[in-house]
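> Here's my sequence, what's the structure:
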Amino acid sequence: MLRIRRYEESKLTSWFFEIDRNLIYMVLALMGVGLIMAISAGSAEANRLSLPWYNFIARFLLFNVVGICVLVFTSMLNKKWIKILVGIFGLIIGLFFLAFTLKSVAVNGSSRWVYFYGIQFMPTDILKPVFIVMSAWFFSKMHELYGENMFLAKDAWKPNKFCWEMFLIPFAICLFVIFKQPDFGTTVLFVCMFGVLVFVAGLSWKILIPGGIAVLSILGVLAYNYLDHVQSRSSEIFSVTPRTQVWYSLNSIRHGGLFGSGDESYVKDVLPEAANDFVYSAIVEDWGAIAGCVLILLLFFIAKRIFKHAAYAKDEFVVYAVTGAGALFVGQICFNLMTALHIFINKGMTLPFVSYGGGSLLSFCVVFGVVLALVREDTWG
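Down below sits the predicted model:
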């Protein structure tokens, strides 16, 4: 059996032998699936939009190369530089562009997108790793100051340098802006991530469960009454309207059968967002339900590995950051798969590392780079 041995000491060799290479390999496998689908579903999508057949392939390949560089670079940072670059610097940039969405022109009924020097992206993709790092920073500091009683201690709610108002008020404002874009899916995703962190921090079930149900219920009622697309899509949860995205998605999955339709695929050619939001449907049609289950298992093992690192971490900041990353990863997977399988209303979220989209891919590369860096430092010191 070929074994790579360590014969010299350098930052690069230390990084290579101390990093969680199995996690990197699994992420690269997901990227490989995404590239294959960019060739298959991407060419069909390009043909449907009257674009060159290689349009999505070339751009997604570039995104993957840049994403791998970002992943490696971020994984080489230490905790201090992660707080500075991803936390503080990322927060400034993310809030700057999030403010732009308040004035940006709505596209397809949503102002989630920002155009900057010809580049189109969503500020929420920037804020995802930022939220993880800043939340971990705040929770670990609150734990240091107030211990296990940080939710009920009176001093934790009095205005000072570190208090709950300092975190909750800016968080609520950002959620309001994201909800108003409108982006109900990302709003719920951030709330769920916060709920997971609060659970890990030790909030009692007696408060967490009723509080979580109340917050999500309020968001649901507001979304149903004030966001037209949520109301229309909610009415389709028990029945599928023909010729809609979900209708094409379900037909694509059915057409794939157990082993896939291969070259006989035809539903995918008319499935909107076949390389993006509904890439899982295109995968099942091409490769079959068995391959779709294998992909879900791969996603499961990645999530399991992340939460295992969080469970064994020694540093409080690492525990919260890695847990938040796992919650983001699992949450976005659930939203994407539930939409494709018509279990939840269509929220248009990408499948991490697989769906076409530069902003989402780079965002998750930063998130996983943060996980790799923090776990490496926590393990090896």
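
> contacts and neighbour counts: CA atoms only from here.
Will do.

> Please enumerate the strands of this protein.
Under the criterion DSSP state E, strands of the chain are mapped to 114-116, 119-121.

> and these as JSON lines, adding mean neighbour count and mean pLDDT?
Shown next, in JSON lines, are the strands of the chain (neighbours: other Cα atoms under 10 Å; pLDDT from 0 to 100):
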{"stretch": "strand 114-116", "mean neighbour count": "14", "mean pLDDT": "83"}
{"stretch": "strand 119-121", "mean neighbour count": "13", "mean pLDDT": "84"}
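
> of all those, which lies closest to Trp287?
strand 119-121 (30.4 Å; Cα to Cα).

> from the chain's centre, how far out does the closest one sit?
17 Å (Cα atoms, centre = their mean, to the nearest Å).

> what helices or strands is it leaning on?
Of the remaining helices and strands, those touching strand 119-121 by 3 or more Cα pairs under 8 Å, 6 or more residues apart in numbering; DSSP states H and E are strand 114-116.

> what helices or strands is the strand it packs on leaning on?
strand 119-121.

> For the strand it packs on, which outside residues touch it?
Judged by Cα atoms under 8 Å, 6 or more residues apart in numbering, the contacts made with strand 119-121 from elsewhere in the structure are Trp113, Val114, Tyr115, Gly358, Gly359.

> who's in contact with Ile39?
Neighbour list for Ile39: Tyr54, Phe56, Ile57 [criterion: Cα under 8 Å, 6+ apart].

> Mind pulling the model confidence for the closest residue in space to the second one that isn't next to it in sequence?
In space, Phe56 comes closest to Gly42 once its chain neighbours are excluded; the distance is 5.4 Å by Cα to Cα, 6 or more residues apart in numbering. The model reports Gly42 with a pLDDT of 76.

> Trp137 now?
Per-residue pLDDT puts Trp137 at 95.

> isn't it right up against Val318?
No. Trp137 is not in contact with Val318 according to Cα atoms under 8 Å; the separation is 9.0 Å.

> who has more neighbours, the two?
A direct count of neighbours by other Cα atoms under 10 Å for Trp137 and Val318 places Val318 higher, at 27 against 18.

> Name the nearest residue to that one, sequence neighbours excluded.
Leu374 is the one closest to Val318 (Cα to Cα, 6+ apart), at 6.0 Å.

> Contact partners for the one you found?
Neighbouring residues of Leu374 by Cα under 8 Å, 6+ apart: Ser75, Asn78, Lys79, Val318, Val322.

> Point out where this protein drops to low pLDDT.
1-9, 104-109, 235, 263-269 (pLDDT under 70).

> Please tell me how far the residue nearest to Phe56 sits from Trp247.
Taking Cα to Cα, to the nearest Å as the criterion, Gly42 is separated from Trp247 by 19 Å.

> So for the two, which sits in the more crowded spot?
Gly42 (29 against 17).

> which residues does the more buried one contact?
Applying Cα under 8 Å, 6+ apart to Gly42 gives the contacts Trp53, Tyr54, Asn55, Phe56, Ile57, Ala274, Ala275.

> Of those residues, just say which sits nearest to Leu203.
Taking Cα to Cα as the measure, Leu203 sits nearest to Ala275 out of these, at 40.0 Å.

> can you count the residues close to the closest one?
Burial measure for Ala275: 31 neighbouring residues, criterion other Cα under 10 Å.

> Same question for Leu168.
Other residues within reach of Leu168 by the criterion other Cα under 10 Å amount to 11.

> Ok, Trp287 next?
Trp287 sits with 18 neighbouring residues when counted by other Cα under 10 Å.

> Select the longest helix from the protein.
What stands out as the longest helix in the chain, according to DSSP state H, is helix 21-48.

> Check the gap between the closest residue to Leu219 other than its chain neighbours and Ile213 for me.
Setting aside the residues directly before and after it, Leu219 is nearest to Val188 in space (Cα to Cα, 6+ apart), at 7.8 Å. Relative to Ile213, Val188 is positioned 12 Å away (Cα to Cα).

> So which of the two has more stuff around it?
Taking Val188 and Ile213 together and counting by other Cα under 10 Å, Val188 has the greater number of neighbours (18 against 11).

> Pretty sure the more buried one sits against Ser217.
No. In this structure, Val188 is not within contact of Ser217 by Cα under 8 Å, at 10.5 Å.

> shared neighbours, these two?
With contacts defined as Cα under 8 Å, 6+ apart, no residue is adjacent to both Val188 and Ser217.

> For Thr346, list the residues it contacts.
Actually, residue 346 is Asn rather than Thr. Contacts for Asn346 were tallied using Cα under 8 Å, 6+ apart; they are Arg233, Val246, Thr339, Ala340.
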